[in-house]
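# Just need the structure, nothing else, for what follows:
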Amino acid sequence: MIKDKLIAFGLVLIMLLNLADLIADISMNVALWHILSEGAIVVLSGCMAAYLIIEMRRRSQSLKQLSHQLKESKRQQAQLTEEFKAARHDYFKAIEQQFHVWQLSNSEQEVALLILKGLSIPEIAIMRSTKEKTVRHQASAIYRKAQIEGRHELSAWFMEDFIAAKAA
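Numbers count the residues shown, from 1 in each chain. Next comes the predicted model:
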């Protein structure tokens, strides 16, 4: 931006100096071709300076508009983030309620949540500091109480309403 201002200032200065020289040359009856060439330099440098100044103003307005749009986008993102937090909270409450309907123990609820998050049996065993066999038994109990076949049906059970709502 400063570079553009310096160039515009330089072009205006060239225009003014050549204009002064042109006026002096006219008063001294200098050759017509010399007057025309200096006149062309005055017009060309003036046009270039005007173009540069107009372009700087256009870019400045564009930057202001982009800044406003960025602020608006950030505001909308913050609003969406809050809405997402609320939806996530509601979703978690619905999951907890369903776990209670299925009468899952606290340990089974923990395992079920980790399964829903996509962790494998070995990963769950490490996270819970238990044996894989224990986690497998808890997972089997979850599937039996929920009357489903496995981890994919468990995930699908909680996603089905969202998919159905999206399709409707």
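
# what about Ala49, how many residues close to it?
Counted with other Cβ atoms under 10 Å, residues neighbouring Ala49 total 20. Glycine gets a C-beta too; all of them are placed from N, C-alpha and C.

# Let me fix that, I meant to ask about Ile126.
13.

# lowest-pLDDT helix or strand in the chain?
When the helices and strands of the chain are scored by mean pLDDT, DSSP states H and E, helix 151-167 comes last with a mean of 76.

# so where is the protein shaky, pLDDT-wise?
Low-confidence segments of the chain (pLDDT under 70): 161-168.

# quick one: the helices in it?
Remark: helices assigned in the chain by DSSP state H are 2-27, 32-101, 106-116, 121-128, 132-146, 151-167.

# Out of those, which is the most enclosed?
Among those, ranked by average contacts under mean count of other Cβ atoms under 10 Å, first place goes to helix 106-116 (a mean of 18).

# which residues are in contact with it?
Helix 106-116 is touched from outside by 95-96, 99, 104, 123-124, 127-128, 135, 138-139, 141-142, 145, 151, 154-155, 158, with contacts defined as Cβ atoms under 8 Å, 6 or more residues apart in numbering.
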